[in-house]
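In: For reference, the sequence and a predicted model appear below.
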Amino acid sequence: MAVQRIARAAGIIMVGSVLSRVLGLGREVVISHQFGADYKVDAFTAASHISTIIYDLLISGMVSAALVPVLSEYAAPERRAELGRIVGIVLTGAVLLLLIGVGALEVFAAPLVHFIVDCPTACPQTEQLALNMTQVVLPGVLFMGVSAVLMATLYALQRFSFPSFAMSSLNAAIIAAGLLLAGVSGITSLALGMVAGAVLMVLIQAPGVRDVPIRPSVDFRHPAVQRILKLYAPIALSLVISQLALIFDRRFAFEVGEGSVSAMRYGTTLIQFALGIVGAAISLAALPSLSRHFARGDDPAYRRTLGAGIRLVTVLVLPAAAGLFFLAVPLVTLFFQRGAFHEADKWSTVLALLCYVPGLPGAALNQVLIFGFYSRKNTVVPVVVGIAGVGVYLVAALALKGALGMAGLVLASSAQLTFNAAVTGLLLWRSLGGLRGQAVGSTALKAGLGAGLMGVVSFATWAGMERLLPAPGTLIGQILALAVPGALGGLAYAATLWYLRVGELDLVLGLVRRRLPGGRGAPPRDLLPHDGRQEDIVLDDALQALGAESLGGSLEPRLVSVDLAGPERDEF
C-alpha cells in the first residue's frame, strides 16, 4: 500500500510539473507568434530582468540554500506551531526588504535601463519601452517574494503539488494576457500578465499552509532565523556578483545586434524545458531527504540518495541534450516559426540553441551537486565556485563576442556551466570521500553511448523526411518532422540502455507504467551490477531515495537560480 501511495502522489505531482513546463514553453510560443524577435521582445526581456533584481538578491537564492534545509527540521506535526512562527518572521522580513528594494528600484530604474539598453545597435524605442514595462512589473515583485517563502515552506512540508501548479498559473497568466490584451496594450500586456501571475501564485499556495499558524513577527533573533541568515550570507555575496555579471551580459547582448536577446531567449526556452523537468525537479525532490539524512548522520542513506539523483539526472539529461542538438531545426520551426517570427529569426534561434546545448548536462548535474552541499549546511563552496564561474563567463564572453557575436556569448555561458559542474562535483566527491558503489561513472558512459546513437538516428530520420514529406511547411508536416525522428531516436536510446542493462531505465519505465489507466506496472528488475557491485535499490527504493518518503516524492520543477549568466536565464 505504501508503494501505491507513493506512486499515486508522484503521478499527481508529475502532471503539475509537466503542465508548468508546457505552459512555460507555450508562453514563449505566444510571445514569438505575437511579437516576433525584434526590439519589443528585447525590451521586455530587459525589463523582466531589471524588475526582479531585488527579488533575486533577497529571496530566490534563499529558498533552496537556507529556507528549505532549516524549515525541514520543523516540518514534523508536533513542531508545526514553531514552524509557523519562523515562517511568519521570514515573511515579515521579506516583505519589509522587498518594499524598500522595490521603492529604490523605482527611483533608479531609468539609469539602469539606460546603461543596459543604450547601445549602438539598440533602436531608439527600446530604452523607453523597457523602462515603461519595468515600472509596470515592479509591484508584482512583492507577491513573487511572498510566493517564494510559501514555496519553501511547502517544500519543507513535502507538499510539492502546490508550488508546481503555482508556477503553471504564472505562465498561464502571461499567456492569457498576451492573447487577450496584445491588441490593446501591445507587448506591455506581458508585463501585466507577470503581475497577475505573481498574485495567483500566492493565492494558489496559501491553502497549502493552512495548518501552519503563520503570524507576522519581527523577532529576527530567533535561532532558526539566525541560522537561515548565516547560511544565506555567502549566497547573498554570490548573487550580488551574479547580478552585476547579468547586467553587463545584457549590455553585451544588446551590443551584438537587435534581436540577439530575443533569439537567446527563445533558444533557452527549450533548454529550460529540459533543465526544469530533469535537473531542478530531481534536485529539489532530493533536497529534503538529503538534509534529513545528513542531520541524522546516516551516511549510507545520504550517499544512496545523492548517487541515485546523479544517475537519474545523467540518464535523462543526455538524451535531452542529444535531441535538442540534432533536432534543433524542426524544434524551432514547429514551436516558433509563424506569425511575427520570420525565417531569419529561426536561424538565429537555432544557432543560439546549438550553442546552449553543450552547457545543459553541466547545468542539470550542477543543481544536484549544489543541493548536495546545501543539504550539508555548506553554502560557502557553491558560492566560491559560482563566483569563479562568473569570472570564466566574463573572460570567455569578452574574448568571443567580437568574433562570434551572439554565439560567443552563448558559448561563454556553456563554458561557465560546465566549469561549475566539474569543480563542484570534484569538491563534493572529495568531501564525501567518493561515491563508491553508486555506479555514477559507468552509468554516464552507457547513457552517453545511447545518447550518441539516439542523435544519429534522429538526425538521419529527419534529414530523410525533409526530402520525402510532401508538405513539410504545413503544421502537420512540422509535427511529423519532429515526432517521428524523436520517437525513433528515443527507442534507440531505450534499447541501448536495455542492452547495456542500465537499471535507471526500469525506474523511468516503471513510473510510466504506473501512470497508465488501471496499470500498476510490472515489478522492475533489480538494478544490475555496476562496476562489479550489486545494487539493491529497486524502483520503490529509488523513488524514496529521490525524496518520495512519507508524503510522496516529486519530480516537479520550479524557478531555480543556477547561475546562468546571460539572457538565457529563465525569468519567470
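Out: Happy to help now that I have it.
In: So which residues make contact with stretch 200-217?
Out: With C-beta atoms under 8 Å, 6 or more residues apart in numbering as the test, stretch 200-217 has contacts from 80-81, 83-85, 87-89, 91-92, 143-144, 146-147, 150-151, 153-154, 157, 159, 162-163, 165-167, 169-170, 172-173. (Each C-beta comes from the backbone N, C-alpha and C, glycine too.)
In: cool, and stretch 488-502?
Out: 315, 319, 322-323, 326-327, 443, 446-447, 449-451, 453-455, 457-458, 461, 504-505, 509, 528.
In: and the residue nearest to Pro361 when sequence neighbours are not counted, what helix or strand is that in?
Out: Once flanking residues are discounted, Pro361 sits nearest to Val317: 5.3 Å by C-beta to C-beta, 6 or more residues apart in numbering. Val317 belongs to helix 299-326 when assigned by DSSP states H and E.
In: Measure how the helix or strand following that helix sits relative to helix 299-326, angle-wise.
Out: Once helix 299-326 ends, the next helix or strand along the chain (criterion: DSSP H and E) is helix 328-336. Calculated by axes from the mean of the first three to the mean of the last three C-alpha atoms, to 10 degrees, helix 328-336 forms an angle of 90 degrees with helix 299-326.
In: now Pro77: how far from Asp211?
Out: 9 Å (C-beta to C-beta, to the nearest Å).
In: Please check the contacts of stretch 488-502 and keep the buried ones.
Out: Among the contacts of stretch 488-502, those classed as buried by 16 or more other C-beta atoms under 10 Å are 315, 319, 322-323, 326-327, 443, 446-447, 449-451, 453-455, 457-458, 461, 504-505, 509.
In: that older thread, I'd like the mean pLDDT over the helix holding Val317, please.
Out: Mean pLDDT, helix 299-326: 86.
In: what's the spacing between Glu28 and Gln34?
Out: 11 Å.
In: more crowded one of the two?
Out: Glu28 (23 against 20; other C-beta atoms under 10 Å).
In: Would you check that that one makes contact with Thr269?
Out: Yes - contact criterion C-beta atoms under 8 Å: Glu28 and Thr269 qualify, at 4.1 Å.
In: SS state for the nearest residue to Tyr393 once chain neighbours are set aside?
Out: Leaving aside its sequence neighbours, Tyr393 sits nearest to Gln416 (C-beta to C-beta, 6+ apart; 3.9 Å). Counting by DSSP: H, G, I helix; E, B strand; the rest coil, the backbone at Gln416 sits in helix.
In: number of nearby residues for Gln416?
Out: Other residues near Gln416 come to 29 when the count uses other C-beta under 10 Å.
In: So it sits against Pro358, correct?
Out: No - between Gln416 and Pro358 there is no contact under C-beta under 8 Å: 11.1 Å.
In: quick one on the thing from earlier: against Ala233, how distant is the residue nearest to Pro361?
Out: Using C-beta to C-beta, Val317 is found at 31 Å from Ala233.
In: do Phe44 as well
Out: For Phe44 relative to Ala233 (C-beta to C-beta), the value is 33 Å.
In: can you check Gly24 too?
Out: Counting by C-beta to C-beta, the gap from Gly24 to Ala233 is 31 Å.
In: try Gly140
Out: On the measure of C-beta to C-beta, Gly140 and Ala233 end up 27 Å apart.
In: same deal with Ser291?
Out: Distance from Ser291 to Ala233, by C-beta to C-beta: 19 Å.
In: And Gly24 and Ala233? Which one has more around it.
Out: Gly24 (25 against 13).
In: doesn't Gln272 make contact with the more buried one?
Out: Yes - counting by C-beta under 8 Å, Gln272 is a contact partner of Gly24 at 7.0 Å.
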